[in-house]
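I need the structure of the sequence given here:
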Amino acid sequence: MMVTMSNMARSASLAVMALAGLASLPASAQAPRPAQPAPAQPAAPPAPQAVKVPLKAAPDQADWLKVCGLDPSVNKTICYTTRDFVAENNQPVMAVAVYSIKEEPRRFVRILVPLTFLIQPGIRFSAEGTQPVNARFQICLPQGCFVEGELNEATIAGLKKATTLRIDMQNQIGQEVNFEVPLAGFAKAYDSAGIDQETLQRMQQQQVQGAQPQAPAGGSADDLKRRGEELLRQRQQAPKQ
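Numbering: from 1, shown residues only. The predicted model follows:
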């Protein structure tokens, strides 16, 4: 190995010396070299076309639902306005929940999205007339991945007026997928007083017993709410840097 390295070093030194000698020659002594055309660069492959996936409200949830309750761990009232969404074949796809904390200006959205999407690019969502908002993955569980994005008052106002929320992410081959979430009824629910946890439990009990469905019965919106509360507690209890 030492012999090989010495030979390599010697060859490199000779190459440097040869170049130095060539550079020291007068221009008239250097043989002219014909201009060579630059090699053609291979054309970049076209980006895969985005796929649009229209969603609809889950058939067992009549409308957007706002639930408020006191979180004893932070001693604050937290409200979330949520709804589940399915594909055209009624296959569950995602859940959206817009959170607000009473007496605080902070608003944010948590979305439960399907698995097998690229985490590094993150997620972007927007509605008509609003600036796109970037969201980041928080955690992935067997039923999907949780994504969180901050909202300001302008975005909230835009969501109330818009008809569709577009959620963009990339699948495993880097192709952009645009989920289109209907927003009909969101403004009414968001501006309402909401219901408390006890009322929600009664509504779910009625649904289990076969009454007219009025609220989610343990579906992905409930999973989102439970995991969302846990994430919020962790954030509130984390020491400030």
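
which SS class is residue 204?
Following DSSP: H, G, I helix; E, B strand; the rest coil, the label given to residue 204 is helix.

now the helices for the chain?
Listed in chain order, the helices found in the chain under DSSP state H are 2-24, 153-161, 186-191, 197-208, 220-237.

now this protein, which segments are flagged as low pLDDT?
Counting by pLDDT under 70, the low-confidence segments of the chain come to 1-48, 210-241.

ranges for the strands of it?
In the chain, the strands defined using DSSP state E lie at 51-54, 56-57, 65-71, 76-86, 92-101, 107-113, 123-127, 133-141, 144-151, 164-170, 176-182.

Would you mind writing the CA trace of the last one as CSV?
The reference is to strand 176-182. The C-alpha trace of strand 176-182 is given here as CSV (Å, rounded to 0.1, in the frame of the first residue of the first chain):
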residue,chain,number,x,y,z
GLU,A,176,-47.1,16.7,-5.3
VAL,A,177,-50.6,15.7,-4.1
ASN,A,178,-53.2,18.5,-3.6
PHE,A,179,-56.0,17.5,-1.1
GLU,A,180,-59.0,19.7,-1.5
VAL,A,181,-61.0,20.0,1.8
PRO,A,182,-64.5,21.6,1.7
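
please begin residue numbering at 13 from this point
I'll keep to 13 as the first residue from here, and by that count the last item is strand 188-194.

Specify the angle between that strand and strand 104-113 in degrees.
Angle between the axes of strand 188-194 and strand 104-113 is 70 degrees (criterion: axes from the mean of the first three to the mean of the last three Cα atoms, to 10 degrees).

residues of strand 188-194 that come out buried?
With burial defined by 16 or more other Cβ atoms under 10 Å, the residues of strand 188-194 counted as buried are 188, 189, 191, 193, 194. In short, each C-beta sits where N, CA and C put it, glycine included.

I'd say the last one and residue 76 touch.
Looking back up the chat, that one is residue 194. No - shown here, residue 194 and residue 76 do not form a contact pair, counting by Cβ atoms under 8 Å, at 10.0 Å.

follow-up on the earlier one: which one of the buried residues of strand 188-194 is nearest to residue 121?
Nearest to residue 121 among the buried residues of strand 188-194 is residue 193, at 10.9 Å by Cβ to Cβ.

circling back: nearest to residue 214, of the strands of the chain?
Ranking the strands of the chain by distance to residue 214, with Cβ to Cβ as the measure, places strand 77-83 first at 12.3 Å.

Which parts of that closest one count as buried, going by neighbours?
77, 78, 79, 80, 81.

Kindly report the same for stretch 91-110.
By neighbour count, and taking 16+ other Cβ under 10 Å as the criterion, the buried residues in stretch 91-110 are 91-98, 104-110.

Then stretch 133-140?
Taking 16+ other Cβ under 10 Å as the neighbour-count basis, stretch 133-140 is seen to contain the buried residues 134, 135, 136, 137, 138, 139.

Find the nearest non-adjacent residue to residue 138, please.
With Cβ to Cβ, 6 or more residues apart in numbering as the measure, residue 144 is the residue that lies nearest to residue 138, at 4.2 Å, once sequence neighbours are left out.

do the same with residue 172
By the measure of Cβ to Cβ, 6+ apart, the closest residue to residue 172 outside its immediate chain neighbours is residue 199, 3.7 Å from it.

Pull the number of nearby residues for the one you found.
Residue neighbour count, defined by other Cβ atoms under 10 Å, stands at 17 for residue 199.

Quickly list what residue 177 is bridged to.
With DSSP bridges as the criterion, the beta-bridge partners of residue 177 are residue 139, residue 193.
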